[in-house]
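Engineer: Attaching a predicted model along with its sequence, questions to come.
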Amino acid sequence: MTTAPPADQPEVDVRPAKRADLLGVYRIETDSFSQPWPFSAFEQYLGNPGFLVALEESVLGYVVADTVSNQGIPLGHIKDLAVRQDARGNGVGTELLRHAIGTLESQGVHAIKLEVREGNQRAIALYRAHGFEQQRTIDGYYDDGEDALLLVRSA
């Protein structure tokens, strides 16, 4: 799927991740997070419809989302989303999130959840702009002791 960006922004293509994307995804992951996922975690999600990448000439960002059962009812879970530092602020994260929500909703989820660092105000603003609301705080969720906010969006 190709989106129509504002005139001052490059066109971004969002599509399912391929094996050839993994090195770019992993570089973004390690540049973005103090507790990065291992490379093998991304390999495990290849073929999952919720593992999407945003591309221009190379990988600009990615999202990993899937469904889990919540008492027999499908629940979407956005597990990981990151954008290359030089591509931030250009709507790439918005496009990835929008596509992930659409993918999860097409799978019949009743809600979508995610965890985000309490101090990551930029990400929290993105999620709130897409209808996510804080359900609770998870004390000490991250290895460094930082709390996470559990955000949920009704589908």
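Structural biologist: Structure received.
Engineer: Which residue lies nearest the spatial centre of the chain?
Structural biologist: Closest to where the C-alpha atoms of the chain average out (CA atoms, centre = their mean) is residue 81, at 2.7 Å.
Engineer: what's the spacing between that one and residue 72?
Structural biologist: Per CB to CB, to the nearest Å, residue 81 is found 27 Å from residue 72. C-betas here are computed from N, CA, C, even on glycine.
Engineer: What of residue 43?
Structural biologist: Distance of residue 43 to residue 72, computed by CB to CB: 29 Å.
Engineer: Looking at the two, which has the bigger crowd around it?
Structural biologist: residue 43 (11 against 5; other CB atoms under 10 Å).
Engineer: Spatially, which residue comes closest to residue 94, not counting chain neighbours?
Structural biologist: Computed as CB to CB, 6 or more residues apart in numbering, the closest residue to residue 94 that is not its neighbour in sequence is residue 126, at 6.6 Å.
Engineer: quick one: that neighbour is in a helix?
Structural biologist: Yes - according to DSSP: H, G, I helix; E, B strand; the rest coil, residue 126 belongs to a helix.
Engineer: correct me, but it touches residue 93?
Structural biologist: Yes - between residue 126 and residue 93 there is a contact at 5.5 Å, judged by CB atoms under 8 Å.
Engineer: packing partners for the helix or strand where residue 150 lies?
Structural biologist: Residue 150 is part of strand 148-154, with elements assigned from DSSP states H and E. Counting contacts by 3 or more CB pairs under 8 Å, 6 or more residues apart in numbering; DSSP states H and E, strand 148-154 packs against strand 111-117, helix 121-129, strand 133-138.
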